[in-house]
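Novice: Everything below, folded, please.
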Amino acid sequence: LAAVNAISAAIAGAQEHGPMVLTAVEQLKSLTGARAAWFRLLEGDTLMITRQVGLSEKFLRERSAMDVHTADGGRIAQQGLPTVLTVANLEPENQRIIREEGFDHILLVPVKGKTSVIGSFGLGQERHRDYTAEELEFLTVTGHQVGIAIENLRLMEQIIRSHREWISTFDSIDDLILVHDSDYRILKLNRAVLKRLDKSIADIVFHRCEQV
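Specialist: Numbers count the residues shown, from 1 in each chain. Alright, predicted model coming up:
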């Protein structure tokens, strides 16, 4: 319940996805007793570690990026349920790295958005342990909630960035530029319009063109 509350609070109060994901990583590490925990975000054909707790610098240097076309990367990108990877199940080049990190196995938890897997949580365990069906179900649901939250926050970040770019671009133009909707209510305008009309932005935005 403490983990649920912490993750839910982080999602509700998040303005960027990074800090929210870090909270989830910390809570899942504590909850499962993992030696280390991390989050990989799918960017194109690459799974990148963006947040982690407990991983060594060497691991991050060698395995921070993972190609989805490799066996291990494909397993993460295509999985729909939590998967336990023992050292023996890994590609030979990864076995040494995992042993050096002190892991007996890695539990991979898919992070699924609205329609597809967008990343994964990795939980490195130093000892063998079994996972109950309830634990795996909880981890799956948590991954899905975090995935939807990440998609929503990234969309919001894109909107804000687009808005800032619009302001930066059109405020540098001397021509009068405004955007209105189908009812001719003014939605956006550049600095030149404000200067020409000698009014505050509150007196213009959401008012009809004819009124302004």
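
Novice: List the contacts of the residue sitting nearest the centre point of the chain.
Specialist: Among the residues of the chain, the one closest to the centroid is I150, at 4.0 Å (CA atoms, centre = their mean). By CB atoms under 8 Å, 6 or more residues apart in numbering, I150 lies in contact with 17, 20-21, 41, 111, 113, 118-119. For every residue, glycine as well, the C-beta is placed using N, CA and C.

Novice: ok, so what distance separates it from S116?
Specialist: Distance, I150 to S116, using CB to CB, to the nearest Å: 12 Å.

Novice: chain center to the lengthiest helix in the chain: distance?
Specialist: The residue-count maximum for a helix in the chain (DSSP state H) belongs to helix 133-171. Here the centre of helix 133-171 is set off from its chain's centre by 6 Å, with CA atoms, centre = their mean, to the nearest Å.

Novice: Any buried residues in it, and which?
Specialist: Buried residues in helix 133-171, counted by 16 or more other CB atoms under 10 Å: 136, 138-140, 142-151, 153, 170.

Novice: Least confident of those residues?
Specialist: The pLDDT minimum for those sits at F170, where the score is 85.

Novice: isn't that residue right up against N190?
Specialist: Yes - using CB atoms under 8 Å, F170 is in contact with N190, at 4.1 Å.

Novice: Need the residues touching each of these two.
Specialist: I177.

Novice: ok, back up a step: following the longest helix of the chain, which helix or strand comes up?
Specialist: Downstream of helix 133-171, the first helix or strand assigned by DSSP states H and E is strand 178-180.
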